[in-house]
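Visitor: With the sequence up front, the predicted model follows.
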Amino acid sequence: MSRRLDSNSLLRLRFFVWLALMLMLCTVFFTRVVHQLNPETDILALLPSAEKDPVVDTALRLFSDQAGRKTLFLIGADTTDAANRAADDFAASLRRSTAFSDVQLEVQNRMRDTLAAYQPYRGVLLAAGDRDKLAAHQGDAIYDTALRALYTPAGLMRPLSPAQDPLGLSSDFLLQQVPPLGKVQLDSGRLTVSGQGKHWVLVIAETRDSPFSTAAQEQAMPVVEQAYARAHAAGAEILSSGLLPHAAYAAQRAKLEISVFGGISLLGTILLLLFVHRSMRPVMMSAGSIGLGLIAALTVSHYVFGRIHLITLVFGSSLIGVAADYSTYFLTDAFRVPGRWDGRDAARQVAPGILLGLATALVAYATLMCAPFP
């Protein structure tokens with residue numbers, strides 16, 4: 001009898017210790033963690049770093065971030081005037097929002113600024129063709145070309161005058177930096193193109209933050225959708241290209257999948273427990289274990305990694321049914337000895353199966369650590 005009492009006392013002690021730990025966990029989560037949770041939505045954050053040089057890696061990241069924040073919009077209409085008016089209205093709508101750091105409609109001045117950025121270094125810059133000529137000891141060809149430009153209208157097409165650039169070396173380099181426009185034409189400082197029976201005007205918008213940022217998407221996409229609606233109401237058509245609309249759609253899709261798969265898995269688990277046990281107590285116990293496990297996982301991930309990726313939440317939502325299995329094994333053991341079931345005896349009965357299932361799951365997910373992905 002005394003042994004039985006000691007066992008009960010030990011069980012109560014274990015319960016109160018566990019309860020105290022869970023209360024501490026919930027306190028830390030709701031006071032320190034939940035307000036700082038900001039799921040990472042940048043899909044590029046999942047990719048391993050290809051460069052080992054930190055300087056090169058930083059430069060590549062800055063370049064890709066700047067390029068990724070740009071979104072191209074083609075505003076088309078039946079006439080040039082209508083396309084220009086629609087482009088004016090569209091650009092003005094985006095400029096009124098703080099989500100965009102820059103909205104380009106007139107690009108002529110931007111080209112001049114780009115060329116001006118290279119001028120302080122023109123003494124050490126060479127175009128690829130001029131470099132090859134100098135390496136092949138064909139300096140006379142460069143001299144002949146510069147002389148021909150001095151006495152023909154070809155010299156007027158160079159960005160620098162003969163007084164600033166006698167041999168035309170800097171002009172050749174600067175012209176090489178301007179990408180070919182192809183079918184696009186520069187009309188009154190705007191890039192335009194005709195096709196599909198319409199006249200199109202290019203608008204380039206740059207978001208203030210990364211297009212993969214949830215906050216940036218929530219700020220920018222409503223503005224873009226309103227600008228779309230105004231343009232469509234005016235009879236204009238819009239084509240877009242860039243990371244922003246794709247990233248926003250992917251993030252919305254991921255959140256939907258979390259809700260759908262997580263909700264279906266949780267609802268199925270609850271209905272199964274209700275069908276088998278005919279009581280809400282097993283449901284509450286199973287839901288409690290899942291909830292506490294989720295809180296513990298988010299807390300540990302926050303303090304160990306500093307953030308959690310949205311893809312992780314997508315994967316985790318599909319594991320709710322697996323996590324509920326452990327409590328289900330324990331609860332359904334009551335059918336083994338109806339009327340004489342004891343929780344301590346049940347733990348001994350199901351422990352080998354639960355530990356085996358836990359070990360196989362841990363081994364399966366531990367293999368992901370062999371991959372170079374963070």
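Guide: Arrived safely, thanks for sending. For clarity, every value in this text was computed on a predicted model and none was experimentally measured.
Visitor: Can you list the buried residues in the lengthiest helix in the chain?
Guide: When the chain is parsed with DSSP state H, its longest helix is helix 243-277. The neighbour-count criterion (16 or more other Cβ atoms under 10 Å) identifies 243-245, 247-248, 250-251, 254-255, 258, 261-262, 265-266, 269-270, 272-273, 277 as the buried residues of helix 243-277. Glycine gets a C-beta too; all of them are placed from N, C-alpha and C.
Visitor: What average pLDDT does that helix get?
Guide: Averaged over helix 243-277, pLDDT sits at 81.
Visitor: which other helices and strands contact the helix or strand following it?
Guide: Remark: after helix 243-277, the chain's next helix or strand is helix 280-305, criterion DSSP states H and E. Helices and strands touching helix 280-305, by 3 or more Cβ pairs under 8 Å, 6 or more residues apart in numbering; DSSP states H and E, are helix 2-28, helix 243-277, helix 310-317, helix 320-332.
Visitor: Redo the ones you listed as JSON lines? Include distance to Gly139.
Guide: Shown next, in JSON lines, are the helices and strands packed on helix 280-305 (distance: least, Cβ to Cβ, whole Å):
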{"stretch": "helix 2-28", "distance to Gly139": "73"}
{"stretch": "helix 243-277", "distance to Gly139": "45"}
{"stretch": "helix 310-317", "distance to Gly139": "57"}
{"stretch": "helix 320-332", "distance to Gly139": "73"}
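Visitor: mind checking which of these is nearest Ile75?
Guide: When the helices and strands packed on helix 280-305 are compared by Cβ to Cβ, helix 243-277 sits nearest Ile75, at 15.3 Å.
Visitor: which other helices and strands contact the closest one?
Guide: Counting by 3+ Cβ pairs under 8 Å, 6+ apart, helix 243-277 packs on strand 70-77, helix 214-233, helix 280-305, helix 310-317, helix 320-332.
Visitor: between that helix and strand 70-77, how many degrees?
Guide: 110 degrees (axes from the mean of the first three to the mean of the last three Cα atoms, to 10 degrees).
Visitor: ok, the spatially closest residue to Tyr118 that is not a sequence neighbour - contacts?
Guide: Of all residues not flanking Tyr118 in the chain, Leu174 sits nearest, at 5.8 Å (Cβ to Cβ, 6 or more residues apart in numbering). Contact partners of Leu174, counting by Cβ atoms under 8 Å, 6 or more residues apart in numbering, are 115, 118-119, 122, 159-160.
Visitor: Nearest approach to Trp18 belongs to which of the helices and strands packed on helix 243-277?
Guide: Relative to Trp18, the nearest member of the helices and strands packed on helix 243-277 by Cβ to Cβ is helix 280-305, separated by 9.9 Å.
Visitor: in terms of contact, does Tyr118 touch Leu125 like I think?
Guide: Yes. The criterion here is Cβ atoms under 8 Å, and Tyr118 meets it with Leu125 at 6.5 Å.
Visitor: Overlap of the contact sets of these two?
Guide: In contact with both Tyr118 and Leu125: 170, 173, using Cβ under 8 Å, 6+ apart.
Visitor: so is Ser241 in a helix, a strand, or just coil?
Guide: Each residue gets one of three states, and Ser241 gets strand by DSSP: H, G, I helix; E, B strand; the rest coil.
Visitor: show me the contacts for it.
Guide: 71-72.
Visitor: Can you spell out which residues form a bridge with it?
Guide: Leu72 (DSSP bridges).
Visitor: and of the contacts of Leu174, the nearest to Thr332?
Guide: Tyr118 (74.0 Å).
Visitor: Can you get me a residue count around that closest one?
Guide: By other Cβ atoms under 10 Å, the residues close to Tyr118 number 14.
Visitor: and what of Gly242?
Guide: Neighbours of Gly242 (other Cβ under 10 Å): 19.
Visitor: quick one: it and Pro211 touch, right?
Guide: Yes. Contact criterion Cβ under 8 Å: Gly242 and Pro211 qualify, at 7.2 Å.
Visitor: Between the two, which contacts overlap?
Guide: Common neighbours of Gly242 and Pro211 are listed as Thr71 (criterion: Cβ under 8 Å, 6+ apart).
Visitor: count of neighbours near Ser93?
Guide: Neighbourhood size, Ser93 [other Cβ under 10 Å]: 19.
Visitor: again, but for Val124
Guide: Val124 has 7 nearby residues by other Cβ under 10 Å.
Visitor: From Leu167, how far out is it?
Guide: 14 Å (Cβ to Cβ, to the nearest Å).
Visitor: Alright, I will stop here.
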